[in-house]
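In: Following is a predicted model, sequence given first.
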Amino acid sequence: MSILRFGPFALHTERFALTRDNEPVEIPAVPLEVLTLLLSKRGDLLTRTEMAQTVWPESDPADLTHRINMAVNRIRSTLGDDPANPTYIQTVIGKGYRFVAEVSEAEQDTGTELAVPAEVVEAPLAPVAQSNRSGWWMFSVAALILLLGLGFFGVRHRKTAQPLTLEFVRFTTNTNENRVTAAAISPDGRCVAFADADGVVLRGENDLAARRLQTPEARKIERLAWSPDGLHLLISSSAANEVHQLWMLSTTGGAPSLLREHASLGTISPDGSMIAFTPDAHSELWVAGAAGENPRRVFAGSPNDSFPVILWSADGKRLLLERHTAFQSDGHFHSPRTEDEIEGFHPAYLAVDVATGRIAATEDNIRMGAACLLAEGRMLFARAEETDYGASTSFWKVSVDPHTGVFVSAPEKVRYWEGMRLHTLSAASQNGKLAAVFSHGRPGIYVGSLDISGGRLNSVHLLVGGKGGPHGWTTDSRAVLFESNAVDLHRYHIYKQALTSHEPESLTVDQGGESLPRLTPDGHSILFQTKSNDATISIWHLDLAGGSPSLIHQGSQVEYRCPSMGKDCVLGIPQDSQHFSFWTLDPLRGKQKQLITIPASWKTHGDWDVSPDGSNVALVSQETSQPEIHLVELASGKTQEILLSFQYPVTAINWMANGEGWIVAASTSFGNELYYVNAKGTPKPLRETATYTWGVPSPDGSKLAFADLDVDSNVWLLPANP
C-alpha cells in the first residue's frame, strides 16, 4: 500500500486517508480527492479545468472551477498553508495550482493499522467521480453508518423537488450611463421597483409607462425591499459622503423617511414589523422596528466577516445568511475581488435565531451572492462567477427546513448563464415570480472631463473598444497612450489615439505582448515593456518620431514610472516580501543608481506613482486595515502617511499633473470606484466602474482616461411560477 509523505503529513492512497504524525486528520472527501490529484501530479501545473474534469468528469468544467477553489481552500486550512507564502500548494494566477513541497513515497506496512477517528468526515455536497482505489468503499460505508445512527436525519423533511425552469425575459432597457443598480418585485408579483441614476421607478409587468417615486438624494441605491402590504419600499443607499443609509419610501406618494444611518443591506420581516440590516463594519447583524426604532444587535461575527445575503425565514423567527470570512495575507484581512483571490476566502450559510442570536443551522462552503425564498421551503440562490470565459452566473436550488433553516437537500444547479453577471434577486411571496438585475459589458478605454471642485466626471465617451488600459498622454493632452487588444484580439499592442480620432495609431510592429507605454520626461519618446514566457520583463525605449525600439533593461517583477519634468524615470523593484527599492531609469541607458529602499510589501501593479517633478513616490496598499497614501521623498527617505476617510481597499494611484492630488481607484462594497483625493486625504467620488480600473489624468488636468465596460445593466423577469 502506497504512502505519500510531505512534511508532517502522509496520504495513504489505498486507504484514501490523511494523517499528521501518524494521527488521523479529518478532511472532507472532495478536498481529499483534490489533494490526491495534486500529489499525483506534484511539481506540475494543474489548471482548474483539468482538476474539475478529474473530480467531476461528467459536469461542465466551467461550472465547477469555483468548487476546486473551495476544495483547495479547505486543503490549505487543514495543512496550515498560507496562500501568500505557500509551503504546499502554489497558486498560478489565472491558471491553476501546483503542489510544490517535497514528497517521498513508501509502501504501507500491511501489519500496521491506521486509526479511525471517532467522528466521520463530512460528506461532499456534490457527487465525486468514481475512483479505482479499493479504500473508497470505506467512506461510503461510514457515511451510511452515520445516516443510520442519526435516524436518517432530515429525511422526513425531504420532498421531491419540482423541475425549476429559469428563462428570464428582459424588462428594462436602460443605457450604460443610467444603469439599473437594484430591483425588487412586489409581493403580489404585479409591479417591479427598480433603481437607476435618477431614483426609484415603479412599473407593472405589462405597463408601458413607469412612475418615478420621490427618492432621497443618493450616490447609489444598492438594495430594495418591499413591505408585505406593498405600500412601502425599504431603500439601502449610500450618500454623497459615503455614509450608508436606510430609507422608507411610500409607494403611494409622500416624502421618504430616513430610518438609520451607517446601515445597509436592509430587509423587511414577513409580517412587516421589523427590519434587519448590517452596520458599516458589515461584521454584525442588527434588527429594529419598522420605523428604525429600538435597534439591537442579533449576531456578531469576527472583524473579518461580512454578510452579503440577509433573508428572513418564512415565519420571521430566523435570519438566513451568507457569511464571508476574508482571508489573511501578511497579517491583514481583505475581501477577494477575483476568482483567483478566492483562495482562503471562506463562505458559509447560517441560520440565526432572531430572539436569541444563536446559530440554528450552518452549512460550510456555500457561496451565494444573492438569494430568495420560494414556495414549499425552497431557496433559490445565485452567484456571479469569474471564469476563463468571463463573468457568468449560476443558479442553485436547495430545500430548507422551515422550522430550523437547516438544508435538507444538497444544493442543485438549475441554470448557468454565461456572460451575464447577477447583482440582485427577489421573489414575489404570493406567486414566486422572480426579478433580477443582470449586467454584461463590452470592455474599452474611456475619456471624461474632470470636474475636481464638483467631484464629477462629465462627458464620458468611449475612445476605443477592447481590453487594455491607459498609461499616459501626449504633452498637449490631445492623445492617450495605451495597450489594447482592439486590433489583435489575441495579443496586446501599444497605441496612441487622438481624442478626435476614431482609430488608434499603432506605435510598434512587434509580434504582440507590449504593454505599459509611458511618456518619457522629454515628451519625445516612450518606454514600454514586454514579458517572456519565463516571466522576464524587458523594458524598451521608442522614439515617437519613428525607428526601432531599443532594449534598456530586463528583470522580473519590475515596474517603472516617468515624471513630466527632469530627465530620468523611476524603476521600482521588490527586493523581497518586505522591502521595496527605487532606482533611476535613464530612458536611453536603463537602470542607473539606487535611490532608496523602504520597508514595504507593495505589489508592483499600479499601486505606486512618481510625482510630476520626480522627487517623491506615492504608494498605496490593499493589505492595510486603514487605507492610506504613503509618501516617500526619494532623496532623503522622509515619509508621510495620508489617511483616507473611507475603508475600501485602494488598488491604484496616479498623480495629478499639478502635484496637488491623486486619482485613486478603490474596490468598494458595490464594485469599483475612481476618486480624486486631495493633499489632506479627502476623497471625492468621480465614477463607479464595472471592472478593475485606474485613472490617468491629462497633463492639463482637464481630462481622465480609464478602462471600463460599456455595461448593459437591466431588470430581467421570470414571469412563470418557478
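Out: That came in fine, so what should we check first? Residues are numbered from 1 along each chain as shown.

In: Break this protein into its domains for me.
Out: Structural domains assigned to the chain are 2-149, 155-432, 442-712, following automatic domain parsing.

In: where do the helices sit along this protein?
Out: Read by DSSP state H, the chain holds these helices, from start to end of the chain: 29-40, 48-55, 61-79, 136-149.

In: Now the weakest link among the ones you listed, please, by mean pLDDT.
Out: Between the helices of the chain, the lowest average pLDDT goes to helix 136-149, which shows a mean of 37.

In: pull the helix or strand with minimum mean pLDDT from this protein.
Out: Taking mean pLDDT, DSSP states H and E as the measure, the helix or strand of the chain with the lowest value is helix 136-149, at a mean of 37.

In: Alpha carbons of stretch 245-256, as PDB, please.
Out: The C-alpha atoms that make up stretch 245-256 are tabulated as PDB, following Å, rounded to 0.1, in the frame of the first residue of the first chain:
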ATOM      1  CA  GLN A 245     -28.400  54.900   4.900                       C
ATOM      2  CA  LEU A 246     -31.800  53.100   5.200                       C
ATOM      3  CA  TRP A 247     -34.900  55.000   4.000                       C
ATOM      4  CA  MET A 248     -38.500  54.000   3.900                       C
ATOM      5  CA  LEU A 249     -40.300  55.100   0.800                       C
ATOM      6  CA  SER A 250     -44.100  55.200   0.300                       C
ATOM      7  CA  THR A 251     -45.300  53.600  -3.000                       C
ATOM      8  CA  THR A 252     -48.400  55.800  -2.900                       C
ATOM      9  CA  GLY A 253     -46.700  59.200  -2.600                       C
ATOM     10  CA  GLY A 254     -45.100  61.300   0.100                       C
ATOM     11  CA  ALA A 255     -41.600  62.200   1.200                       C
ATOM     12  CA  PRO A 256     -39.100  59.400   2.100                       C
END
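
In: Now that stretch: buried residues?
Out: Going by neighbour count (16 or more other C-beta atoms under 10 Å), the buried part of stretch 245-256 is 245-249, 251, 256. For the C-beta atoms, the positions are set from N, CA and C on the backbone; glycine is no exception.

In: nearest to residue 584, of those residues?
Out: Taking C-beta to C-beta as the measure, residue 584 lies nearest residue 245 of those, at 49.4 Å.

In: Please tell me I have it right and the closest one contacts residue 216.
Out: Yes - applying C-beta atoms under 8 Å as the test, residue 245 and residue 216 come out as touching, 7.4 Å apart.

In: Mutual contacts of those two, please.
Out: Common neighbours of residue 245 and residue 216 are listed as 237, 258 (criterion: C-beta atoms under 8 Å, 6 or more residues apart in numbering).

In: the strands in the stretch 401-550 of the chain, which residues?
Out: Listed in chain order, the strands found in the stretch 401-550 of the chain under DSSP state E, counting those that start in this stretch are 412-418, 421-427, 434-451, 456-465, 468-473, 479-484, 493-498, 505-506, 515-519, 525-531, 537-543, 550-555.

In: and of those strands, who's closest to residue 620?
Out: Nearest to residue 620 among the strands of the stretch 401-550 of the chain is strand 468-473 (17.0 Å), distances taken as C-beta to C-beta.

In: tell me what the closest one is packed against?
Out: Packed against strand 468-473 by the contact rule (3 or more C-beta pairs under 8 Å, 6 or more residues apart in numbering; DSSP states H and E) you find strand 434-451, strand 479-484, strand 515-519, strand 695-697, strand 703-718.

In: any chance of these in JSON lines, with distance to residue 538 too?
Out: Converted to JSON lines, these look like this (distance: least, C-beta to C-beta, whole Å):
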{"stretch": "strand 434-451", "distance to residue 538": "24"}
{"stretch": "strand 479-484", "distance to residue 538": "15"}
{"stretch": "strand 515-519", "distance to residue 538": "11"}
{"stretch": "strand 695-697", "distance to residue 538": "23"}
{"stretch": "strand 703-718", "distance to residue 538": "24"}
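
In: quick one on the thing from earlier: need the max-distance pair from the buried residues of stretch 245-256.
Out: When C-beta to C-beta is used, the two most widely separated members of the buried residues of stretch 245-256 are 245 and 251, lying 18.8 Å apart.

In: low-scoring stretches of the stretch 551-700 of the chain, by residue?
Out: Within the stretch 551-700 of the chain, the segments meeting pLDDT under 70 span 600-606, 622-625, 669-671.

In: Now that residue 405 has come up, it's in contact with residue 313, right?
Out: Yes - using C-beta under 8 Å, residue 405 makes contact with residue 313 at a distance of 6.0 Å.

In: what's the overlap in contacts for these two?
Out: Counting by C-beta under 8 Å, 6+ apart, the shared contacts of residue 405 and residue 313 are 320, 351.

In: give me every residue that touches residue 526.
Out: Taking C-beta under 8 Å, 6+ apart as the test, what residue 526 contacts is 472, 481, 494, 507, 517-520, 541-542, 544.

In: Skipping adjacent residues, who's closest to residue 420 in space?
Out: Nearest in space to residue 420, with sequence neighbours left out and distances taken as C-beta to C-beta, 6 or more residues apart in numbering, is residue 438 at 4.6 Å.

In: any weak-confidence spans in the stretch 101-250 of the chain?
Out: Across the stretch 101-250 of the chain, the ranges flagged by pLDDT under 70 are 108-166, 240.

In: Please, where are all the strands along it?
Out: Listed in chain order, the strands found in the stretch 101-250 of the chain under DSSP E, counting those that start in this stretch are 104-107, 169-170, 182-185, 191-196, 199-204, 211-212, 220-226, 232-238, 244-250.

In: Please identify the most buried of those.
Out: Per-residue neighbour counts averaged over each of the strands of the stretch 101-250 of the chain give the maximum for strand 182-185, namely a mean of 27 (mean count of other C-beta atoms under 10 Å).

In: What is the burial count for the spatially closest residue to residue 358 that is not a sequence neighbour?
Out: Counting by C-beta to C-beta, 6+ apart, residue 352 is the residue found nearest to residue 358 once chain neighbours are left out, at 7.1 Å. When neighbours are defined as other C-beta atoms under 10 Å, residue 352 has 24 of them.
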